[in-house]
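Q: Need coordinates for the following:
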Amino acid sequence: MSFEAHGGYGPSAPVGFGPPPRAEHAHPHWVCVCGEYHSPTEHLCRKCGKRHDYGDVIKNIAMEKQMNLPQYVLDTMENDGPISVAYQFQPHVIGIRPERPSPATGQYPYRYDAKALENWGKIRSHEEIEGYVQASVDADAGSGISEDGLKRLHLDKREDSIVYMVVSGWALMMWRTKEDYNRGVNGARNAPRPLGWWDLRKAFDVHVEQGTDVKWRPWMRDEVERCPHRLAVLTNEGVVYFRVAFTEDVHIWYNGIRGLIRDYHYNFIKSRDTKHHQQKRWPCAIGLAECLQRGLPMGERAMASAFHCYDLDYNCILGVGEIMVMIQEIEAGIRHNSGLAEAKGRDEAVESGISMFEGGLNEVFEMAMKFRNACDKDGNGQVRVDEFMAYGQALLCDAMGFPPSGGHLSDAGDACVIA
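A: Purely as a prediction, here's the structure:
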């Protein structure tokens with residue numbers, strides 16, 4: 001009596017060994033030991049003359065021979081078992097995304113990566129900033145727009161040199177007028193283009209020279225009186241100057257550009273930080289905190305080791321983002337040394353230490369900027385190891401609220417000093 005008569009099921013076909021050997025499931029290619037591939041209707045190798053009969057499986061193909069075979073042949077080789085599911089799969093486009101961040105203009109319809117980078121870990125949201133400003137043309141403009149630059153930008157015929165400035169994404173763009181910006185923002189054919197374009201990711205500070213507001217009078221010819229407030233955006237490639245007419249507009253440009261500097265540098269460093277690096281430099285943060293608490297001088301070797309512990313991008317300089325991480329972890333080390341229960345481990349200590357700053361990461365950023373500006377004696381926005389060794393301890397004491405202890409190159413009797 002069969003098993004089905006008792007209400008059971010008959011034996012199922014074995015699975016896991018591929019389809020049964022029917023004609024439509026035959027391998028469309030066979031590969032000889034010499035690396036030449038042929039169709040199943042060919043039985044003699046065109047290269048070495050070796051015979052291949054139906055059902056034979058050639059398994060001793062050298063790996064260097066297989067590496068030269070096309071992918072569709074590799075997917076159907078006999079020594080690879082059943083035909084791969086990738087066989088006859090055609091490549092297709094899933095989506096097109098920008099490789100680098102792009103400004104918020106209509107010519108970039110797909111800005112997923114750019115928006116993710118702009119919004120990732122943002123400390124405070126920034127709106128698009130735009131308005132009329134004056135291209136700096138006075139004699140002390142430094143790296144501002146010169147008279148030759150005005151001619152190249154076709155602004156030499158305008159007495160006021162007023163342009164329309166826009167901050168969009170990481171870009172600072174200068175347009176001739178607002179109408180040109182509205183027409184060219186979508187990047188249409190024959191549409192206007194910006195007069196100038198600067199990458200704010202290369203900026204490290206912004207300075208303001210306050211002037212005295214005057215009423216806008218058409219008969220006034222003094223450009224400095226028309227736009228008395230000058231802003232200077234300091235970048236790694238030079239300084240960008242422009243003037244603003246009214247006091248209430250100064251803080252909008254200043255805080256907006258400064259906020260972009262903070263967001264980019266901090267998030268850039270955090271993206272390079274790993275759990276391994278955090279655990280490796282945690283003893284350094286605890287040691288720095290103990291020296292600051294006890295007022296002990298730190299030697300050159302100790303300061304150099306601390307410098308390289310916080311050089312997270314390995315470029316032998318400390319940026320404002322790396323200094324922010326240092327201040328956070330030193331505060332965490334202070335709480336750890338105090339024996340607080342919520343500061344036993346590194347992650348818990350850093351999380352609880354942020355509560356000591358009233359403004360959160362915004363206050364940490366201001367402390368880091370003050371540290372960097374005081375330690376960076378050549379004013380290039382970068383703290384070198386010699387500058388950190390000479391002035392780092394005194395500035396850390398000032399930042400963390402401790403009385404100064406040392407702060408210049410250490411004496412011969414200090415701990416870890418280089419003889």
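
Q: from here on, contacts and neighbour counts on C-alpha atoms
A: Fine.

Q: Let me know the secondary structure of the residue nearest to residue 328 when sequence neighbours are not counted.
A: Among residues not flanking residue 328 along the chain, residue 350 sits closest, at 6.4 Å (C-alpha to C-alpha, 6 or more residues apart in numbering). For residue 350, the secondary structure call by DSSP: H, G, I helix; E, B strand; the rest coil comes out as helix.

Q: Count the neighbours of residue 183 for me.
A: With neighbours defined by other C-alpha atoms under 10 Å, the count for residue 183 comes to 14.

Q: Quickly find the element holding it.
A: Counting by DSSP states H and E, the element that carries residue 183 is helix 178-184.

Q: Pull out the buried positions in that helix.
A: The neighbour-count check on helix 178-184 (16 or more other C-alpha atoms under 10 Å) flags 178, 181, 184 as buried.

Q: what's the pLDDT at the residue nearest the centre of the chain?
A: Of all residues in the chain, the one closest to the mean position by C-alpha atoms, centre = their mean is residue 268, 4.1 Å from it. We have a pLDDT of 90 for residue 268.

Q: now stretch 135-148: mean pLDDT?
A: In the prediction, stretch 135-148 has an average pLDDT of 50.

Q: who's in contact with residue 173?
A: For residue 173, the contact set (C-alpha atoms under 8 Å, 6 or more residues apart in numbering) comprises 165-167, 194-198.

Q: which among those residues end up buried?
A: A residue is treated as buried here by neighbour count (16+ other C-alpha under 10 Å); on that basis the buried members of those are 165-167, 194-195, 198.

Q: which ones among those are found in strands?
A: Residues of the buried ones among the contacts of residue 173 located in strands (DSSP state E): 165-167, 198.

Q: Would you state the helices of the stretch 301-419 of the chain in chain order?
A: Remark: helices assigned in the stretch 301-419 of the chain by DSSP state H, counting those that start in this stretch are 320-337, 346-353, 361-375, 385-400.

Q: what about the stretch 51-200 of the chain, any weak spots by pLDDT?
A: Low-confidence segments of the stretch 51-200 of the chain, defined by pLDDT under 70, are located at 54-55, 78-82, 84-92, 94-102, 117-127, 136-160.

Q: Assess the claim that residue 174 and residue 192 are in contact.
A: No - with contacts defined as C-alpha atoms under 8 Å, residue 174 does not count as touching residue 192, sitting 11.5 Å away.

Q: what about the two, which has more around it?
A: When neighbours are counted by other C-alpha under 10 Å, residue 174 comes out ahead of the other of residue 174 and residue 192, with 23 against 19.

Q: Tell me which strands the helix or strand harbouring that one pairs with, and in which orientation.
A: When elements are assigned from DSSP H and E, residue 174 belongs to strand 171-175. Strand 171-175 has the following strand partners under DSSP bridges: strand 162-168 (antiparallel), strand 196-199 (antiparallel).

Q: Tell me which of those strands lies nearest to residue 299.
A: Of all the strands paired with strand 171-175, strand 196-199 sits nearest to residue 299, with 39.1 Å by C-alpha to C-alpha.

Q: Direction included, what does the helix or strand following that closest one pair against?
A: Proceeding N to C from strand 196-199, the next assigned helix or strand is strand 203-209, under DSSP H and E. For strand 203-209, the pairing partners within the sheet under DSSP bridges are strand 229-235 (antiparallel).

Q: Perfect, that will be all.
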